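Chemist: Task: produce atomic coordinates for the following.
(chains A and B)
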2 protein chains.
Amino acid sequence: MQALLFVKPKPEQLTRLQQQFPAVTFTTDQKAASKAEIVLGWDKSLTAELLANQHLKWVQAKSAGIDYLPLTEFKAKKIILTNASGLHSRYIAETVTSYILMENRGLRAVIKQPKTWLTPASLETREQTALIFGTGKIGCEIARYCHFLGMQTVGVNRHGMDSHLIDVFDQVITTDTFKADGYAASIDFLISTLPGTAQTVHFFNEQMLQQVKPGYTFINVGRGNTLVEADLLKLLDDSWIRSAYLDVFEQEPLPAASPLWRHGKVIVTPHISGQIPHFRAALYPLFANNLDNYLSNKPLYNLVDLQAGY
Amino acid sequence: MQALLFVKPKPEQLTRLQQQFPAVTFTTDQKAASKAEIVLGWDKSLTAELLANQHLKWVQAKSAGIDYLPLTEFKAKKIILTNASGLHSRYIAETVTSYILMENRGLRAVIKQPKTWLTPASLETREQTALIFGTGKIGCEIARYCHFLGMQTVGVNRHGMDSHLIDVFDQVITTDTFKADGYAASIDFLISTLPGTAQTVHFFNEQMLQQVKPGYTFINVGRGNTLVEADLLKLLDDSWIRSAYLDVFEQEPLPAASPLWRHGKVIVTPHISGQIPHFRAALYPLFANNLDNYLSNKPLYNLVDLQAGY
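Modeler: Next comes the predicted model:
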């Protein structure tokens, strides 16, 4: 049984895998794309070979979002897909916390007007509410950080409040409720962790962005195609939206010509919110646990619902 | 008895004071500088009148740092000085948290290279240690935020560990120990909250900045004159210091010609770390509590040691 590793292991990580799983041959050789049963990561340039490979049964993605993978083909070929959900959560929460505090402490104005001694407005974090779209691992971790900062947290998901969400969300509403009625109370931050799926494409259009009272800051650490960027720009210019911190974009890298780069109310970061400092040290234990389950026919962690797309 | 308010109260704040303290006449009229017994805040342009006023007995400062006040004259004239220590602590901790997370998530590089899609390095917050100079209210609040982030915290003060510091600092060393032996273990952030006093002037010179192993980030939210800016710049260029987040400067506003503005490893903020969103709502309760104590001859909160200068 071959496992093709697109995330190159450190020598000691490879040794550990070989010792733990003697029945599996681990390789980083791209030629294995046509015969490996297991793939860690993905290489878009090898998609044709990988999908033609009749042995391929399981793909362990290295990311939480998996919208860049050929999900339809996986479904047709009954290829199991697991993602790396959970690994990035705390890092994304740290990034979102830095955005929130930059906004509240006036640092956006300072950054946008370099070399200027100004007195920007500051905001009271403890009076604020965050409306967090997505209550998965990432949304929960963001809510935990928001709670520490003294903020109220409201989650938005498909099913509403659930027992495991009670500790981190003060309230949870459904996406349908939000679509129909919006959110009546004032909020300070709208934070999206939504994955890129058929249901979420362009979810945040002008109408949805106006389902919340004016004056809030929009944060996107989910997927770029969940937002209509032109609508965001319009609402920023209308002052419906106070400011935006965007880590993901419809087109990445964000084109140099995009007005988002130079907008005074927008902070652009280059899809780094979930970057993991010691990535392999985080990914390989997850892979090894899942491989152990795979070989013993136990349920895998982080199984992706190929129909739902996350 | 007159109380001169240099921080203009809101109408309802003035009414509340008048109702609570009928024996005191509250005024914002600068003419009262020559006869008020109590002063809230300070106006440098009226220093001569205020110091010539034989009735002046108590000054309640609106800031935590009081190095801009004529402390020698206060001491000679036995004028009591109280500061606003505590009011700013959480805000400064929020600002320091934004600095730490900006650094760890790679946002400094992003800010310093606008309009560039880059992949900056990220750092693991949970592996980090903060060396915090000053274990007063501000230092403790910073340590509390650092602990939430999963960091180790080491305090530096004049007296070492104390029972009230045990919850927020993993370790406390004395300034004398630091001066003599430095700090042997690696740290990631050196955070100064030191006040501006005769003892702290230029404390952070080349020698002291090298009492810590290379590779750390320097944060100054204390006073600008505690740092030799030229020495910091040298050590940044030598890569002894990884980066610096500076909110205070030897000269404020920071002159346009200062190399700190344009240094790629330095984030300059315009003395805003402790800015309070609803300043009067925070200050007036402190003033009213202290005024109550003053009138009933009880000890005042936040009494400044005019000899020590903080």
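
Chemist: Name the helix or strand for residue A:287, please.
Modeler: Using DSSP states H and E, residue A:287 maps to helix A:279-295.

Chemist: do residue A:103 as well
Modeler: Per DSSP H and E: helix A:89-104 holds residue A:103.

Chemist: quick one: that helix near chain B?
Modeler: Yes. Residues of helix A:89-104 contacting chain B under C-beta under 8 Å from any C-beta of the partner chain: A:91, A:94, A:95, A:97, A:98, A:101, A:102, A:104. Yep, even glycine has a C-beta here, placed from its N, CA and C like the rest.

Chemist: what's the spacing between that helix and its chain's center?
Modeler: From the chain centre to the centre of helix A:89-104 is a distance of 13 Å (C-alpha atoms, centre = their mean, to the nearest Å).

Chemist: export that helix as PDB, just CAs?
Modeler: These are the backbone C-alpha positions of helix A:89-104, laid out as PDB (Å, rounded to 0.1, in the frame of the first residue of the first chain):
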ATOM      1  CA  SER A  89      -8.400  27.400  14.200                       C
ATOM      2  CA  ARG A  90      -6.300  29.100  16.900                       C
ATOM      3  CA  TYR A  91      -4.100  30.800  14.400                       C
ATOM      4  CA  ILE A  92      -7.100  32.300  12.600                       C
ATOM      5  CA  ALA A  93      -8.500  33.300  16.000                       C
ATOM      6  CA  GLU A  94      -5.200  35.100  16.700                       C
ATOM      7  CA  THR A  95      -5.400  36.900  13.400                       C
ATOM      8  CA  VAL A  96      -9.000  37.900  13.900                       C
ATOM      9  CA  THR A  97      -8.100  39.200  17.400                       C
ATOM     10  CA  SER A  98      -5.300  41.300  15.900                       C
ATOM     11  CA  TYR A  99      -7.800  42.700  13.400                       C
ATOM     12  CA  ILE A 100     -10.300  43.500  16.200                       C
ATOM     13  CA  LEU A 101      -7.800  45.200  18.400                       C
ATOM     14  CA  MET A 102      -6.200  47.100  15.500                       C
ATOM     15  CA  GLU A 103      -9.600  48.500  14.800                       C
ATOM     16  CA  ASN A 104     -10.500  49.300  18.400                       C
END
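
Chemist: one step back: so which of the residues of helix A:89-104 next to chain B is the most crowded?
Modeler: When the residues of helix A:89-104 next to chain B are compared by neighbour count (other C-beta atoms under 10 Å in any protein chain shown), residue A:95 ends up highest, at 28 neighbours.

Chemist: That one against residue B:105, yeah?
Modeler: Yes. At 4.8 Å, residue A:95 and residue B:105 qualify as touching, with contact defined as C-beta atoms under 8 Å.

Chemist: intersection of neighbour lists for these two?
Modeler: A:272, A:273 (C-beta atoms under 8 Å, 6 or more residues apart in numbering or on different chains).

Chemist: and of the residues of helix A:89-104 next to chain B, the nearest to residue A:210?
Modeler: Nearest to residue A:210, judged by C-beta to C-beta, of the residues of helix A:89-104 next to chain B is residue A:104 at 23.4 Å.

Chemist: any idea how far the residue of the stretch 151-300 of chain A found nearest chain B is from residue B:116?
Modeler: Relative to chain B, the nearest point of the stretch 151-300 of chain A is residue A:253 (3.6 Å; C-beta to the nearest C-beta). From residue A:253 across to residue B:116, the span is 9 Å (C-beta to C-beta, to the nearest Å).

Chemist: Now list whatever residues contact both of these two.
Modeler: Contact criterion C-beta under 8 Å, 6+ apart; residues shared by residue A:253 and residue B:116: residue A:270.
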